[in-house]
Structures are given as C-alpha cells and as structure tokens.
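**Student:** Need coordinates for the following:
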Amino acid sequence: MATRSELQIRKATLRREIRERCRSGALAPDTALPPVKEIARQYGISVNVAHQELRFLADEGVLYTVPGVGTFAGKRRVETSAYYLCVLSDPAPEADQGVRAGFEARIGELGGASLAMSLPRAQGAEEAGSLPPLAGVYGVTGDLASGWRWERAKGIPHVCFAGHEDQPDADIVSYDDLRAGAQAAQHLLQLGH
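**Tutor:** Sure, this is the predicted structure:
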C-alpha cells in the first residue's frame, strides 16, 4: 500500500503526463483514453482515485467524458445553435423539478444546450416565433383540451412519457400501470410483506 506522499506523487504524475500528452498532440482531441482500470493499474492507484483525477482533468478542460462511453482528450465540442426543450406541467409539480434537473444535467453531459418551460409558456413562445432553433423536444405531446400540439411535420424529434395516447404526434415512452402494479405487488409479497 502506498503512503500518502507516494499517492500524491502518483496522482501528480498522472495529471502531468495526461496534460503533456494532450498538449503535445500524442493524445489528439477526441481520442479515447484507456479504461479507468488500466489507468489505475498503470499509475499504481485505486480505480476511485483514478476516477477523481480524470474528473479533475475534465473540470480543467483537458479531458471530457461521455457517460457510458468513456473519457476523451480535449474539450467536447458543444453545438449551441440548437436547444433541447423540456416541456413541463403548469403549474410545475414537485416531480417536474426532478425531471427538469435530470434533463438539464443529461443534456449538459452530452454537450448540448437545454431549455425547460411550462406547456403554456412553450406554446406561447412557439406561436410567437421566439423559441430558438430546437434539436428536440421532451415532454407532453400537447394540450389536448385546446387542440394545440407539437407538430411532427416540423422535423423536430419529440419524445414524451405517457400512459397511452391514441394518436401520438411523438415517440412515446409508455408505461403500463396495471402490469407494473401487479409486478410491484408480487415483489412485495415475495419479500414477505
């Protein structure tokens, strides 16, 4: 096991070598780094410490990560000419705040820009032509009472989360309350509840 001072030297070495490899071009922008386990083994540090050091270099802008894919050299190119819109309920219930936070975090991780607004506000902005160019829409399919709907014909990808809709104008991530309820009840029974 390494002493505290040895660990500090190994961490500093990892940072210095990766910075230098990026600066010299030995690690070209968008080049994938080896897996974290391999980096940890190479520098004689734990996987957790290796993650921390790579995160530090990402915060500096030396590296960037794509969750579930890997860590890459350079700064991620951000396309901000188009936004991803998250349409929330009005008034936004507490649950929407979690949806909004998760949506904004995930779009940010992927290098995109996001907007989140209530359905009436999004409807008004769309009708007034004041929305920026959109790369996609996540949320409700429309206000069925007023007949207003996001138009698929505009070529904007649209995904919503809904129980069921007869004529969706979006790709729908659907849920089945009846079967999900039965599975949950069965699970609780198996646990002895």
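
**Student:** Which elements pack onto the lengthiest helix in the chain?
**Tutor:** Longest helix in the chain by number of residues (criterion: DSSP state H): helix 4-24. Under the contact criterion of 3 or more CB pairs under 8 Å, 6 or more residues apart in numbering; DSSP states H and E, helix 4-24 touches helix 36-43, helix 47-60. Just so you know, the C-beta spots here come from the backbone N, C-alpha and C atoms, and that holds for glycine as well.

**Student:** any idea of the angle the shortest one forms with helix 47-60?
**Tutor:** Following axes from the mean of the first three to the mean of the last three CA atoms, to 10 degrees, one obtains 100 degrees for the angle between helix 36-43 and helix 47-60.

**Student:** Contacts for helix 36-43 next, please.
**Tutor:** 10-11, 13-14, 33-34, 46-47, 49-51, 54, 71 (CB atoms under 8 Å, 6 or more residues apart in numbering).

**Student:** Make JSON lines out of the helices and strands packed on helix 4-24 and add mean neighbour count.
**Tutor:** Formatted as JSON lines, the entries for the helices and strands packed on helix 4-24 read as follows, by neighbours: other CB atoms under 10 Å:
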{"stretch": "helix 36-43", "mean neighbour count": "16"}
{"stretch": "helix 47-60", "mean neighbour count": "16"}
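
**Student:** Go through the ones you listed and name the closest to Arg4.
**Tutor:** When the helices and strands packed on helix 4-24 are ranked by proximity to Arg4, the top entry is helix 47-60, at 11.9 Å, counting by CB to CB.

**Student:** Averaged pLDDT, the closest one. What do you get?
**Tutor:** Along helix 47-60, the predicted confidence averages to a pLDDT of 92.

**Student:** Next secondary structure after it?
**Tutor:** Of the helices and strands lying after helix 47-60 in sequence (DSSP states H and E), the nearest is strand 63-66.

**Student:** Gln52 versus the residue lying closest to Leu14 once chain neighbours are set aside, what's the distance?
**Tutor:** Here the nearest residue to Leu14 in space, its sequence neighbours aside, is Tyr43; by CB to CB, 6 or more residues apart in numbering that works out to 4.8 Å. To Gln52, Tyr43 is 12 Å away according to CB to CB, to the nearest Å.

**Student:** next one: Ile18
**Tutor:** In this view, Ile18 and Gln52 are 13 Å apart by CB to CB.

**Student:** How about Gln183?
**Tutor:** Going from Gln183 to Gln52 by CB to CB gives 38 Å.

**Student:** just Leu134 next, same as before
**Tutor:** Counting by CB to CB, the separation of Leu134 from Gln52 is 36 Å.

**Student:** Check Arg121 too.
**Tutor:** 40 Å.

**Student:** all helices for this structure, in order.
**Tutor:** According to DSSP H, the chain carries its helices in the segments 4-24, 36-43, 47-60, 94-109, 119-128, 177-190.

**Student:** remind me which residues of this structure are low pLDDT?
**Tutor:** For the chain, the stretches with pLDDT under 70 are 76-81, 90-93, 95, 140-154, 160-181, 193.
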